[in-house]
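Student: Give me the fold of what follows.
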Amino acid sequence: MSETGVTTAPRPLLLADGRPAREAWSLLGAHRHLNHGSFGAVPLVAQREQQRLREEMDASPGTWFPSLNTRVAAARTEIAAFLRVPADDLALVPNASGGASVVYANLPTRDHGEIVVTDHGYGAVTMGAQRLARRWGGTVRTAHVPLDAGEDEAYEAIAAHLTDATGLIVLDHITSATARWMPVERIGALARERGIPLLVDGAHVPGLAEDPLAGLDCDAWIGNLHKFGCAPRGTAALVARGPLRDALYPLIDSWGAEEPYPHRFDTQGTLDVTSYLATPTSLDFIDTAWGWDTARTYMRDLADYAERLIADAFAEATGAGTDARVDVGMPVSALRLVRLPEGLGTTHPDADALRDRVAAELGFEAAFTSFGGAGYFRLSTHVYNTAADFEDFVERCVPVLVEWARAAPQA
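Tutor: Okay, the predicted model is just below:
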């Protein structure tokens, strides 16, 4: 449930000239955008900067590409400062899944080794772990962490799956489907004590945490800048420390292959990496317009309000006397869950189909997820959202979703 219990709508954020924050984005006006956490949204100023860079690239490719590694290194240094990590620990990759693939491809072989994941893991990253386990001739052990598990219970659930055969732990920092934090700091300390490599999937963390890696001891951490950082898509950070760091190589062998980490990631051949170069523009825009602390506070307060508003609306519309609020053990500021009426979105394919239907028929870009056989609306907030977005969801979507649930075939 909510972190602060805010029940009143926060005042919408405005641009310096008094216009609504949303006008700094090119989001389709006919839709309500309640799913920033999945695909992000790029401010116009960063879109224009990326287009300017593309025009420069296309005007003189023979000049652009030989000097591109220097530009990437400069952008990487700025991104590292935003994440508060040393620039020489950070490489740029297209997305968090790509960063995980780098780690999987470069880990030393562990014959018959086990990989520990949780049942909250992001599907693509877990699939990669399963492929790695098959190459090792080993297995994946999945720790069940109850949705309402607090820090201690979550830690114990994961730690119980570690054995002498464990060759890797893959753990979300913030979970995608269930919108909760995981105790990565405590698992990191345990993993280091046991000599087990730890990969932390922090896909949603940049922008939501002021100092994402503070107190975290892990071999590799990956985070998308295109989510709450609002960077152009195709930009993620791979932060590597410990003995694994110098063994990491890009998935593409290029002329930078003999350079040390992370510089070998700065050279990836003839690729359009203008998303990397325009990312500092997005980060600076949020900082200049409102400041990241103000942005994070607003996102949290709006999520508090929206979570309660929508949960109460579902409870009233179903008339079943059930509480649609969800007890999430370690809740996230800008991501929240509300339980859907029974029968909706109970599997991953059903949740995706519901997302598509709501967008097509109701005009809301929203996320629906499933966990443990239950369906959830995962609301997401950013600076361009306002209380009106979620009030409109209550008015136009909640009654329809309840009707769809009633019409759905019963198991």
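Student: for the record, mean pLDDT for stretch 383-402?
Tutor: Per-residue pLDDT over stretch 383-402 has a mean of 98.
Student: got the contact list for that stretch?
Tutor: 9-10, 12-13, 20-22, 24-25, 27, 32-34, 36, 41, 286, 289-290, 295, 298-299, 302, 305-306, 309-310, 313-314, 317-318, 340-341, 344, 358, 361-362, 364, 366, 379 (CB atoms under 8 Å, 6 or more residues apart in numbering). Glycine gets a C-beta too; all of them are placed from N, C-alpha and C.
Student: Mind checking which of the residues you listed are in strands?
Tutor: In this view, those that belong to strands under DSSP state E are 32, 33, 364, 379.
Student: Confirm for me that the last one is in contact with residue 307.
Tutor: Yes. When contacts are counted by CB atoms under 8 Å, residue 379 is listed as touching residue 307 (6.6 Å).
Student: Common neighbours of these two, please.
Tutor: By CB under 8 Å, 6+ apart, residue 379 and residue 307 have these common neighbours: 336, 338.
Student: so which of the ones in strands among the contacts of stretch 383-402 is the most crowded?
Tutor: residue 379 (28 neighbours; other CB atoms under 10 Å).
Student: Tell me the confidence at the nearest residue to residue 151 once chain neighbours are set aside?
Tutor: Nearest non-adjacent residue to residue 151, counting by CB to CB, 6 or more residues apart in numbering: residue 183, 4.8 Å away. pLDDT, residue 183: 98.
Student: The one 3 residues further on too?
Tutor: Reading off the confidence values, residue 186 has pLDDT 98.
Student: name the element it belongs to?
Tutor: Element membership of residue 186 [criterion: DSSP states H and E] is helix 184-194.
Student: and whichever helix or strand comes after that helix, which strands flank it?
Tutor: Going down the chain from helix 184-194, the next helix or strand is strand 198-201, by DSSP H and E. Applying DSSP bridges, strand 198-201 is found paired with strand 166-172 (parallel), strand 220-224 (parallel).
Student: Assess the claim that residue 373 and residue 344 are in contact.
Tutor: No. Assessed by CB under 8 Å, residue 373 is found out of contact with residue 344, at 12.0 Å.
Student: and the two? which has more neighbours close in?
Tutor: residue 344 (21 against 8).
Student: and the contacts of stretch 383-402, which are buried?
Tutor: Neighbour counting by 16 or more other CB atoms under 10 Å classes 9-10, 12-13, 21-22, 24-25, 27, 32-34, 36, 41, 286, 289-290, 295, 298-299, 302, 305-306, 309-310, 313-314, 317-318, 340-341, 344, 358, 362, 364, 366, 379 among the contacts of stretch 383-402 as buried.
Student: how deep is residue 44 tucked in, by neighbour count?
Tutor: Other residues close to residue 44 by other CB under 10 Å number 12.
Student: what about the stretch 201-350 of the chain, any weak spots by pLDDT?
Tutor: For the stretch 201-350 of the chain, applying pLDDT under 70 flags the ranges 320.
Student: Could you tell me which of the contacts of stretch 383-402 belong to helices?
Tutor: Those of these mapping onto helices are 36, 286, 289, 295, 298-299, 302, 305-306, 309-310, 313-314, 317-318, 358, 361-362, per DSSP state H.
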